[in-house]
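In: Just the structure for this:
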Amino acid sequence: MGSVGRRKVLMAGVGALAGLATAGDAAALPGSGRGAGRREFRGMWLATVANRDWPSKPGLTAARQRTELLARLDTAVARRLNAVVFQVRPSADALWPSPHEPWSRYLTGVQGQDPGWDPLGTAVTEAHRRGLALHAWFNPYRVAAHTDPSRLAEGHPARENPHWVLPYNGKLYYNPGLPEVRAFVRTAMLDAVRRYDIDGVHFDDYFYPYPAAGQTFDDADAYARHGAGFSDRASWRRDNIDKLVREMSEGIRETREDAVFGISPFAVWRNASTDPLGSDTRAGVQTYDDLHADTRAWVTKGWIDYIVPQIYWNIGFAAADYAKLLPWWNDLVRGTGVDLYIGEALYKAGDPAQAAPWQDPAELSRHLTLARGYGGVRGHCFFSAGEVATDRIGAMARVVADHYRETALPPA
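Out: Numbers count the residues shown, from 1 in each chain. Predicted structure coming up:
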């Protein structure tokens with residue numbers, strides 16, 4: 001289905017959402033007419049790594065997996081969301097019949113085993129039928145939650161090319177410093193873009209791994225071979241990630257011109273104490289320095305269509321205040337043509353391990369109220385689908401009652 005046909009399906013589906021939402025969650029969705037005609041991104045992440053949101057466990061029948069997937073989509077409709085960000089390549093594997101990588105073990109329990117159906121194809125079709133946009137979420141470099149390539153499926157590219165991978169902090173990663181790795185992961189991801197009528201391509205916050213005390217990501221050999229012209233390894237690493245983002249952006253536009261490209265980074269690019277262009281924060285992690293992800297440059301250079309900073313802190317949090325990060329990102333996107341959606345930590349709401357503000361069902365609703373005052377903010381995305389469904393203390397229901405009383409189309 002081309003862009004015009006898909007848009008008709010989405011618009012027709014949205015017209016039916018109000019009835020489905022009222023039936024599915026009537027108590028949480030009082031109707032008021034407020035928000036009618038609004039265009040904004042209302043998304044949820046649907047995580048498959050470690051079976052976080054779906055499927056509930058590996059080894060279910062194809063029919064049971066499909067039923068659970070459709071239930072997640074129906075929940076999005078019931079909450080008057082309009083987009084699902086579906087994780088289809090969680091760990092150098094695939095939730096579609098990829099010619100490049102094995103089937104994900106999160107489906108059957110055995111990496112490489114055919115689950116007997118096509119989850120991504122089904123998700124695209126069924127999301128569009130419900131008026132939902134479907135963004136395919138890929139993790140570029142994570143290979144496994146262990147460090148032994150021999151445990152990967154026979155024929156796995158990382159097993160066939162052991163020099164492509166590096167162990168770090170108990171996990172296995174593709175080395176972003178190798179041009180052949182970057183070319184391979186781009187090809188593997190673009191296969192899904194070519195074959196499915198997805199609305200968007202989505203990366204999360206994992207590029208170079210998060211730093212771990214006492215651990216070394218040992219890419220010295222790759223730096224010696226490919227780092228000529230760079231003053232230090234950190235600059236070379238940032239360039240490696242820049243190349244991935246830029247080349248992926250170009251590949252998406254060449255393959256499916258109506259699909260958008262978005263990234264959801266850790267929300268602190270740099271602290272102002274490190275760089276005057278940075279945010280008024282005191283975060284322990286800075287994406288530019290620690291993940292070698294220059295998220296600010298991707299926006300200013302227009303390599304992406306949207307950005308979803310994971311502002312996973314409450315209003316008033318001293319080290320990284322939601323109310324201070326929001327205007328920083330709003331200012332960054334101004335005049336760039338890049339859409340800004342805010343990543344919201346629904347998973348923290350009602351978690352007894354979290355601080356007091358997260359025990360208040362109204363905290364997330366206050367985030368959206370604050371964001372209404374910033375013209376660059378065009379929507380929100382909630383982590384994640386499991387919490388959208390269970391809604392531990394009613395925080396999502398409060399968001400819907402206060403802000404999503406009517407359906408909305410995603411930004412054009």
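In: quick one: buried residues of stretch 89-104?
Out: Applying a neighbour-count criterion of 16 or more other Cβ atoms under 10 Å, the buried positions in stretch 89-104 are 89-96, 98, 101-104. (C-beta placed from N, C-alpha, C; glycine too.)
In: end-to-end on that stretch?
Out: By Cα to Cα, to the nearest Å, the extent of stretch 89-104 from end to end equals 8 Å.
In: quick check: mean pLDDT across that stretch?
Out: Stretch 89-104 carries an average pLDDT of 98.
In: how far is stretch 101-121 from where the chain is centred?
Out: With Cα atoms, centre = their mean, to the nearest Å as the basis, stretch 101-121 stands 20 Å off its chain's centre.
In: sorry, that was for stretch 269-289
Out: Computed by Cα atoms, centre = their mean, the separation of stretch 269-289 from the middle of its chain amounts to 22 Å.
In: in the protein, which helix or strand is least confident?
Out: Across the helices and strands of the chain, mean pLDDT, DSSP states H and E gives its lowest value to helix 3-25, namely a mean of 42.
In: ok, back up a step: out of the buried residues of stretch 89-104, which are inside strands?
Out: If you go by DSSP state E, the buried residues of stretch 89-104 have residue 89 in strands.
In: which one of the buried residues of stretch 89-104 sits closest to residue 344?
Out: Using Cβ to Cβ, residue 90 comes nearest to residue 344 of the buried residues of stretch 89-104, at 21.2 Å.
In: in the chain, which spans are helices?
Out: 3-25, 62-78, 105-108, 119-129, 157-160, 179-195, 220-226, 233-255, 295-300, 322-333, 363-371, 385-390, 395-403 (DSSP state H).
In: export those to TSV and tack on mean neighbour count and distance to residue 42?
Out: Listed next are the helices of the chain as TSV, based on neighbours: other Cβ atoms under 10 Å; distance: least, Cβ to Cβ, whole Å:
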stretch	mean neighbour count	distance to residue 42
helix 3-25	15	11
helix 62-78	19	9
helix 105-108	22	26
helix 119-129	21	13
helix 157-160	18	36
helix 179-195	18	23
helix 220-226	14	41
helix 233-255	18	23
helix 295-300	20	21
helix 322-333	20	17
helix 363-371	20	10
helix 385-390	20	11
helix 395-403	22	9
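In: Residue 49 is nearest to which of the ones you listed?
Out: That would be helix 105-108 among the helices of the chain, by Cβ to Cβ, at 6.9 Å.
In: so residue 336 touches residue 299, yeah?
Out: Yes: at 5.5 Å, residue 336 counts as touching residue 299 under the criterion of Cβ atoms under 8 Å.
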